[in-house]
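Chemist: structure for the following, please:
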Amino acid sequence: MWDNADMLNGCANALYAFAAAALIYAGVYAAVHSPLLPLRQLALQGDLAHITRAQAETAAHAGAVGTFLSVDLDAVRRAFESLPWVRKVEVRRLWPDRIEVSIEEHVALARWGADAKTRQLVNTYGEVFEGELPDASSLPQFAGPGGSSEEVTRRYAAFRQALSPLALEPRQVLLSPRYAWRLRLSNGLTLELGRDQLREPVLQRLARFVANYARTLGSLNRRLEYVDLRYSGGFALRVPEIRNAGRGGKG
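Modeler: A predicted model of the protein is given here:
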């Protein structure tokens, strides 16, 4: 081996390369962990309505550990994503000593679930999250099978637009386990829409109801409670006064 010049040169080059790599690693490590590059500021960005100062400080202390270069940005992101009402977090370094955390909060659109006291909410993307609102009862109520929140949210927008000529709002949008739709409107009227069918989709039934409302139901001087729209040629009504009168007659 010692007589082989090529082999000796190869070993020497390998040693030089290893030494150079070790020096580079040591330099990078020293720079990353150097007290000369401290993390001095963590700035929050975003329209924050629900995150408190105490919650933000707790997340910052939990995630922002290390110097400006050594702090784990993913750890910072996870710490803030664990806070209530946080939907999305983006984190970046800003030279020379600042970390910027951009936060997107959930925007509550409706309550989720059949239980009126539920703490689950639906945001404008149709995503379910846990949150508390002092005026949650003023939000519409959605319910449906697991994984259906995005579809219910999408249909809510379509139902709302369809009902706009009547100046009515859907206050409840319920999707049954059999994927049948039921609405409760702002005037207390319940609409049974049923399941989507090729010959008559749910939105077509609702459009028929809106088009005929003024000259049919709207002209009645009675309080209506329930309308079943699952009939292709019309709809069935439930009138509280008539129902109560019928019960009294049987008694």
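Chemist: what pLDDT does G147 get?
Modeler: G147 is assigned a pLDDT of 94 by the prediction.
Chemist: what ranges do the strands span in the protein?
Modeler: Assigned by DSSP state E, the strands in the chain fall at 41-45, 86-94, 98-105, 108-112, 120-123, 128-130, 141-143, 170-175, 180-185, 190-195, 226-231, 234-238.
Chemist: tell me how far L175 lies from S148.
Modeler: Between L175 and S148 the computed distance is 6 Å (CB to CB, to the nearest Å). In short, each C-beta sits where N, CA and C put it, glycine included.
Chemist: same check, this time on A167
Modeler: Applying CB to CB to A167 and S148 gives a distance of 28 Å.
Chemist: neighbour count winner among those two?
Modeler: A direct count of neighbours by other CB atoms under 10 Å for A167 and S148 places S148 higher, at 17 against 8.
Chemist: contacting residues for the more buried one?
Modeler: L175 (CB atoms under 8 Å, 6 or more residues apart in numbering).
Chemist: could you measure from it over to V173?
Modeler: Distance from S148 to V173, by CB to CB: 11 Å.
Chemist: as a markdown table, the strands of the chain with mean neighbour count and distance to L217 would be great.
Modeler: Compiled in a markdown table, the strands of the chain are given as follows (neighbours: other CB atoms under 10 Å; distance: least, CB to CB, whole Å):
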| stretch | mean neighbour count | distance to L217 |
| --- | --- | --- |
| strand 41-45 | 14 | 50 |
| strand 86-94 | 16 | 40 |
| strand 98-105 | 18 | 41 |
| strand 108-112 | 23 | 26 |
| strand 120-123 | 21 | 30 |
| strand 128-130 | 17 | 34 |
| strand 141-143 | 23 | 23 |
| strand 170-175 | 20 | 16 |
| strand 180-185 | 19 | 11 |
| strand 190-195 | 19 | 11 |
| strand 226-231 | 16 | 7 |
| strand 234-238 | 14 | 7 |
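Chemist: could you dump the ones you listed to a markdown table with distance to A75 and mean pLDDT?
Modeler: What follows is these, written out as a markdown table (distance: least, CB to CB, whole Å; pLDDT from 0 to 100):
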| stretch | distance to A75 | mean pLDDT |
| --- | --- | --- |
| strand 41-45 | 12 | 90 |
| strand 86-94 | 9 | 95 |
| strand 98-105 | 11 | 95 |
| strand 108-112 | 28 | 96 |
| strand 120-123 | 25 | 96 |
| strand 128-130 | 22 | 94 |
| strand 141-143 | 35 | 96 |
| strand 170-175 | 39 | 97 |
| strand 180-185 | 44 | 97 |
| strand 190-195 | 47 | 96 |
| strand 226-231 | 53 | 89 |
| strand 234-238 | 58 | 71 |
